[in-house]
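Trainee: How does the following fold in three dimensions:
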Amino acid sequence: MKRHYRQPQRHCCQEGRHCYRPYWHCRQEGRHFRPHHRHCRRGGRHCHPSLQPVAPAATDAREGRHTLTSLLHHLQVPAVSYIIRDSLKLKASDADTIVNIHVASEKFAELVLLESNENLETVKEKLDDEYLEIPTDSVKRVLAGLILRELKGFWRVALFISALINPEVGNASGSLSKQGELNQRKEKYLSVERSITDLDLDGVWNLKPLLDGKAIMGVLEVKSGGPLIGKWQQRLVKWQLAHPKGTMEECKEWMKQSQQQSKRQKVECSS
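Mentor: Numbering: from 1, shown residues only. Okay, the predicted model is just below:
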């Protein structure tokens, strides 16, 4: 006998009967649940996504960073971001700022070592590419400028954290007392801060590029933008940091010469 059902109901192939649309069949437990509930493999039952457990904090001993792994979305979220957004219910921009400060504090460790020219060549290799070779005496300015452009007015906070927690900044030999090590970290913080001020980098985040995207496309003689223009914009910022007194014409000339030189090298390699 044919029967009629209300519109919200539909036939469920799993159970051979009709059910309301807001419910769906769970193969794990063999019964129906609302769509916004999910099967929790750890608890063996259904629960609301907000109640599902998350993995314990995973600690990277080398970098001192903590992550929380969400079983629902399979994403890794920094613990500090999770606490600020979900626990304290503060702005997402505040969480992003704190995460950027922690990340930049590790980069400042390289800048501290540059004060004694310990890793100059290593940092120079990271900053150089096939189109741009940064002068050796400008490596410190370029690295510091890139870090400050990310942090803006919070760069002193990141430098302070870096001077306190990074082992590379402190007592490498282990021969100093706690007070002596603290004084050494303080001196390195003041040295880097003084160096950034002397390089006229305080406020470098307000530096405007000499060429915009359309101007770069004109120099490169391309009709459409894309990742290529984005890479050249990043190189342009590095070039301006390495040449603080450079003009727009000098920048265009550098771009043309770099592009021609790269083409010649590719032709030589292919031949």
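
Trainee: Residue 142 contacts residue 238, correct?
Mentor: Yes - taking C-beta atoms under 8 Å as the definition, residue 142 is a contact partner of residue 238 at 5.5 Å. Glycine gets a C-beta too; all of them are placed from N, C-alpha and C.

Trainee: Of the two, give the one with the bigger neighbour count.
Mentor: residue 142 (23 against 19; other C-beta atoms under 10 Å).

Trainee: shared neighbours of residue 142 and residue 238, anything?
Mentor: Counting by C-beta atoms under 8 Å, 6 or more residues apart in numbering, the residues touching both residue 142 and residue 238 are 127, 134.

Trainee: Pull the residues that contact stretch 132-141.
Mentor: Taking C-beta under 8 Å, 6+ apart as the rule, stretch 132-141 contacts 111, 114, 120, 123-124, 127-128, 142, 195, 199, 201, 235, 238-239, 241-244, 258.

Trainee: Over to stretch 237-248?
Mentor: 127, 132, 134-135, 138, 141-142, 145-146, 149, 200, 204, 207, 209-211, 250-251, 254.

Trainee: which ones among those residues are found in helices?
Mentor: 127, 141-142, 145-146, 149, 250-251, 254 (DSSP state H).

Trainee: Can you flag the buried ones in those?
Mentor: 127, 141-142, 145-146, 149, 251, 254 (16 or more other C-beta atoms under 10 Å).

Trainee: from those, which has minimum pLDDT?
Mentor: The member of these with the lowest pLDDT is residue 127, at 89.

Trainee: show me the contacts for that residue.
Mentor: Shown in contact with residue 127 (C-beta under 8 Å, 6+ apart): 134, 139, 142-143, 238.

Trainee: Please identify which of those is nearest to residue 186.
Mentor: residue 143 (21.9 Å; C-beta to C-beta).

Trainee: My guess is the closest one contacts residue 120. True?
Mentor: No - using C-beta under 8 Å, residue 143 is not in contact with residue 120; the gap is 10.1 Å.

Trainee: of these two, who's got more company?
Mentor: More neighbours surround residue 143 than the other of residue 143 and residue 120, with 22 against 15 (other C-beta under 10 Å).

Trainee: check contacts around that one.
Mentor: Per C-beta under 8 Å, 6+ apart, neighbours of residue 143: 107, 110-111, 114, 123, 127.

Trainee: Tell me which of these fall in strands.
Mentor: Taking DSSP state E, every one of the contacts of residue 143 sits outside strands.

Trainee: Which of those residues are buried? Put it as a ChimeraX command.
Mentor: Buried subset of the contacts of residue 143, written as a ChimeraX selection, criterion 16+ other C-beta under 10 Å:
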select :107,110,111,114,123,127
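
Trainee: Show me where the stretch 51-200 of the chain has its strands.
Mentor: Along the stretch 51-200 of the chain, the stretches classed as strands by DSSP state E, counting those that start in this stretch are 58-60, 65-70, 75-78.

Trainee: ok, the last one: who's next to it in the sheet?
Mentor: Translated: strand 75-78. strand 65-70 (antiparallel) (DSSP bridges).

Trainee: Skipping adjacent residues, who's closest to residue 236 in space?
Mentor: residue 209 (5.4 Å; C-beta to C-beta, 6 or more residues apart in numbering).

Trainee: again, but for residue 161
Mentor: Here the residue nearest residue 161, using C-beta to C-beta, 6+ apart, is residue 105, at 4.3 Å.
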